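Chemist: Have a look; sequence and predicted model below, questions after that.
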Amino acid sequence: MLQVHFIRENKEEVITRLAKKNFDATAIVELVVELDEKRRSTQAELDNLLAESNKLSKDIGEMMKNGEKAKAEILKEKTTQIRENSKSLSENLHEIANQLQEELYKLPNLPAEIVPFGKTPEENLNIFEEGEIPKLHEGALPHWELAKKYDIIDFELGVKITGAGFPVYKGKGAKLQRALISYFLDKNTDAGYKEFQVPHLVNEASAYGTGQLPDKDGQMYHDATDNLYLIPTAEVPVTNIFRDDLIAENDLPILCTGYTPCFRREAGSYGAHVRGLNRLHQFDKVEIVRVEKPENSYAALDEMVEHVKELLKELKLPYRILRLCGGDMSFASALTYDFEVFSTAQDRWLEISSVSNFETFQANRLKLRYKDANGKNQLAHTLNGSSLALPRVLAGILENYQTPEGIVIPEVLRRYTGFDIID
């Protein structure tokens, strides 16, 4: 959430920068400034009344002490009226504050200066590419056909049990999934990230805290009875560990990792590009989250990018890194780098990680602060990244490592799988 004082003092800048995200903020910004003005003037009026009430209470006390009961009774009547006016103003102030909060929730985060202009994924900036694209044997198959051939993922069984987008992993397919999760967690903890196991359902405050609500309301699975949401990523519960926290400066940075299943409705996702593992309603992901001092957050973002690069190098998958353009960025992000692996059998790039800096956007919603060297409370910066999302990594391994004899397991995973080929 953007800070009100920044919007008030930089109206035109906010509107201009959000236009880079293809978001017309003019009407909301004007309303925010108007509501903030109302809130401040109402608060000032209420403060004046309360100050007057306090003064009258002292005067009444003095009069009663001096035996001036008649005068005191007159002032008591006045304080009764002030109390009624104060109550009315307080209710009005509460209503204005709620309206202001609702409007602030509608505004996306401001993109960083280096975010390129653009409206579509095609306008993202390719900044790095590494790894050799393998030349597959004749008759090479896409992963959904390999899954069926080797009986390692059953999409039809998932439809029977739940519906489309909920695959069942079997045998060596299930073990390869578990191997990837263990490998990613081990690499993250070796890099200094503390591992957490977190709930897979979150309350409304948590979903608002990281920016999923209200923006992604239609994409989240919601249990109306208990008003809980299935998580779309571990970012939500892990970051909310620090909601309403005041952190000591010397406890920063905080580095966290966690594995969770992720749930996304993905409404309106159809066609060949979402076939097989390309887009699911339930999938596994290992996440990294950081809480940083503002001056260190972009160096931390670079570290996270290098960390994900290392994972893909060890898996020996061809990949590229994109700096997302404004129109393809998430609601909460200030800067995002997407990692994509090349699926040789599909002849296309598949996104397998997003690494983002949210600056103070989430921290402001979460009331996540730290006490600086001068003893002042400051909003922290939050960052997160997939490290990694499993479905498309698995698709890349199945397709790029296929041979006429079977699917070779990347060397780095063999100590986790206990086998070196799926045949």
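Modeler: Arrived safely, thanks for sending.

Chemist: At the geometric centre of this protein, which residue sits there?
Modeler: Centroid-nearest residue in the chain: residue 210, 5.0 Å away (criterion: C-alpha atoms, centre = their mean).

Chemist: Pretty sure it sits against residue 236.
Modeler: Yes. The criterion here is C-beta atoms under 8 Å, and residue 210 meets it with residue 236 at 5.0 Å. C-betas here are computed from N, CA, C, even on glycine.

Chemist: So, low pLDDT: which residues of this structure?
Modeler: The model of the chain has pLDDT under 70 over residues 267-273.

Chemist: Mind giving me the packing neighbours of the longest helix seen in the chain?
Modeler: Assignment by DSSP state H gives helix 26-65 as the longest helix of the chain. Counting by 3 or more C-beta pairs under 8 Å, 6 or more residues apart in numbering; DSSP states H and E, the packing neighbours recorded for helix 26-65 are helix 4-9, helix 11-19, helix 69-106.

Chemist: picking up where we left off before, tell me the contacts of the residue nearest to the centre of the chain?
Modeler: 235, 236, 239, 240, 332, 362, 365, 366 (C-beta atoms under 8 Å, 6 or more residues apart in numbering).

Chemist: now with 7 Å?
Modeler: Shown in contact with residue 210 (C-beta atoms under 7 Å, 6 or more residues apart in numbering): 235, 236, 239, 240, 332, 362.

Chemist: thinking again about what came up before, and the helices and strands packed on helix 26-65: which comes nearest residue 196?
Modeler: The closest of those to residue 196 is helix 69-106. By C-beta to C-beta, the value is 26.6 Å.

Chemist: what about the following helix or strand past the closest one, distance to the chain center?
Modeler: Following helix 69-106 in sequence order, the next helix or strand is strand 125-130 (DSSP states H and E). Here the centre of strand 125-130 is set off from its chain's centre by 24 Å, with C-alpha atoms, centre = their mean, to the nearest Å.

Chemist: Return the list of strands paired to strand 125-130, each annotated with direction.
Modeler: Sheet pairing for strand 125-130, assigned by DSSP bridges, gives strand 319-323 (antiparallel).

Chemist: Partner strands of the helix or strand following the partner strand, with direction?
Modeler: Using DSSP H and E, the helix or strand that follows strand 319-323 in sequence is strand 335-343. Taking DSSP bridges as the criterion, strand 335-343 forms sheet pairs with strand 319-323 (antiparallel), strand 348-359 (antiparallel).

Chemist: Give me whichever of these is most buried.
Modeler: Looking across the strands paired with strand 335-343 with neighbours counted as mean count of other C-beta atoms under 10 Å, the highest average goes to strand 348-359: a mean of 22.

Chemist: Relative to the whole chain's centre, how far out is whichever helix or strand comes after that one?
Modeler: Downstream of strand 348-359, the first helix or strand assigned by DSSP H and E is helix 361-366. Between the centre of helix 361-366 and the centre of its chain there are 10 Å (C-alpha atoms, centre = their mean).

Chemist: Which strands or helices does the helix or strand following helix 361-366 pack on?
Modeler: Next helix or strand after helix 361-366 toward the C-terminus (DSSP H and E): strand 369-371. Using 3 or more C-beta pairs under 7 Å, 6 or more residues apart in numbering; DSSP states H and E, the elements in contact with strand 369-371 are strand 246-248, strand 377-379.

Chemist: Is it possible to get CSV of these that adds mean neighbour count and distance to residue 185?
Modeler: Formatted as CSV, the helices and strands packed on strand 369-371 follow (neighbours: other C-beta atoms under 10 Å; distance: least, C-beta to C-beta, whole Å):
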stretch, mean neighbour count, distance to residue 185
strand 246-248, 13, 24
strand 377-379, 15, 29
